[in-house]
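Novice: Could you work out the structure for the sequence below:
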Amino acid sequence: GGIMLPRVTRNVWGWASADLGQHPLLASPLARAWLPRELTGLRRAELLFAGLVLLAFGLWLAVDALPNLSESACLARHNKVDCRQLAYRLKKVSQYLGEPLHTLIALLLLPIARGSWLCRATGLSFDKLVKWHRWFGRAVVVLTCFHAAGFLLEWSLKGTLIKKLSKSKKLAGAIAGVVLLALHVST
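Specialist: Just a heads-up that it's a prediction; the model follows:
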């Protein structure tokens with residue numbers, strides 16, 4: 001056996017999984033002329049997923065990360081005198097930029113197995129999921145660069161760059177960032 005779903009649920013899921021994985025939406029000649037080749041064959045499920053990820057990230061960025069650049073918003077959120085210093089505000093933004101990296105790295109690992117539940121649920125092929133893997137990898141590289149640049153700038157403004165990089169966790173992060181950039185450039 002297995003779990004029997006009610007008929008309505010089976011019909012809806014059958015329609016959704018069959019329909020969401022079909023019909024390229026951006027395959028028009030205009031889209032092919034202006035968009036990168038990888039984006040022109042997007043299906044409804046891919047657009048829905050990308051839209052939800054971008055919406056979540058955009059909302060998070062607008063609500064949590066970027067307001068810390070403003071001195072008044074930083075003071076209102078953290079109530080610290082340190083908010084008057086640009087270095088402190090850069091540190092806060094860099095910390096917030098590091099948080100979604102955990103989620104993006106988890107999403108990077110989703111298409112690892114051929115025939116995974118994700119392939120079946122969305123109706124997408126393993127090859128399509130590998131394309132998503134590449135895009136999430138690019139997002140990880142970009143966020144990592146901004147995350148690291150913010151901290152390096154903050155430490156430089158404070159004059160503590162060498163002292164901070166001599167700590168094991170910070171040095172490990174710097175080495176991981178260099179390895180990530182090397183991996184990105186080489187692939």
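
Novice: Can you tell me the closest non-neighbouring residue to Pro67?
Specialist: Nearest non-adjacent residue to Pro67, counting by CB to CB, 6 or more residues apart in numbering: Ala73, 4.0 Å away. To be clear about C-beta, it is placed using only N, CA and C from the backbone, and glycine gets the same treatment.

Novice: where's the one you found, which helix or strand?
Specialist: helix 71-78 (DSSP states H and E).

Novice: So which elements touch the helix or strand following that helix?
Specialist: Using DSSP H and E, the next helix or strand after helix 71-78 towards the C-terminus is helix 86-108. Where contact means 3 or more CB pairs under 8 Å, 6 or more residues apart in numbering; DSSP states H and E, helix 86-108 is packed against helix 44-60, helix 71-78, helix 126-158.

Novice: for helix 86-108, which positions count as buried?
Specialist: In terms of neighbour count (16 or more other CB atoms under 10 Å), helix 86-108 has its buried residues at 87-94, 96-98, 100, 104, 107-108.

Novice: Distance from it to the middle of the chain?
Specialist: From the chain centre to the centre of helix 86-108 is a distance of 11 Å (CA atoms, centre = their mean, to the nearest Å).

Novice: now could you export just the CA positions of it as CSV?
Specialist: Extracted in CSV, the C-alpha atoms of helix 86-108 (Å, rounded to 0.1, in the frame of the first residue of the first chain):
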residue,chain,number,x,y,z
LEU,A,86,29.9,54.0,9.7
ALA,A,87,32.0,51.0,10.6
TYR,A,88,29.4,49.7,13.1
ARG,A,89,26.6,50.1,10.6
LEU,A,90,28.7,48.3,7.9
LYS,A,91,29.2,45.5,10.4
LYS,A,92,25.5,45.2,11.1
VAL,A,93,24.6,45.1,7.3
SER,A,94,27.4,42.5,6.7
GLN,A,95,26.0,40.4,9.5
TYR,A,96,22.5,40.5,8.0
LEU,A,97,24.0,39.7,4.5
GLY,A,98,25.6,36.5,6.0
GLU,A,99,22.3,35.2,7.3
PRO,A,100,20.7,34.2,4.0
LEU,A,101,23.8,32.4,3.0
HIS,A,102,22.8,29.4,5.1
THR,A,103,19.5,29.1,3.2
LEU,A,104,21.1,29.5,-0.2
ILE,A,105,23.7,26.9,0.6
ALA,A,106,21.0,24.5,1.6
LEU,A,107,19.2,25.2,-1.7
LEU,A,108,22.4,24.6,-3.5
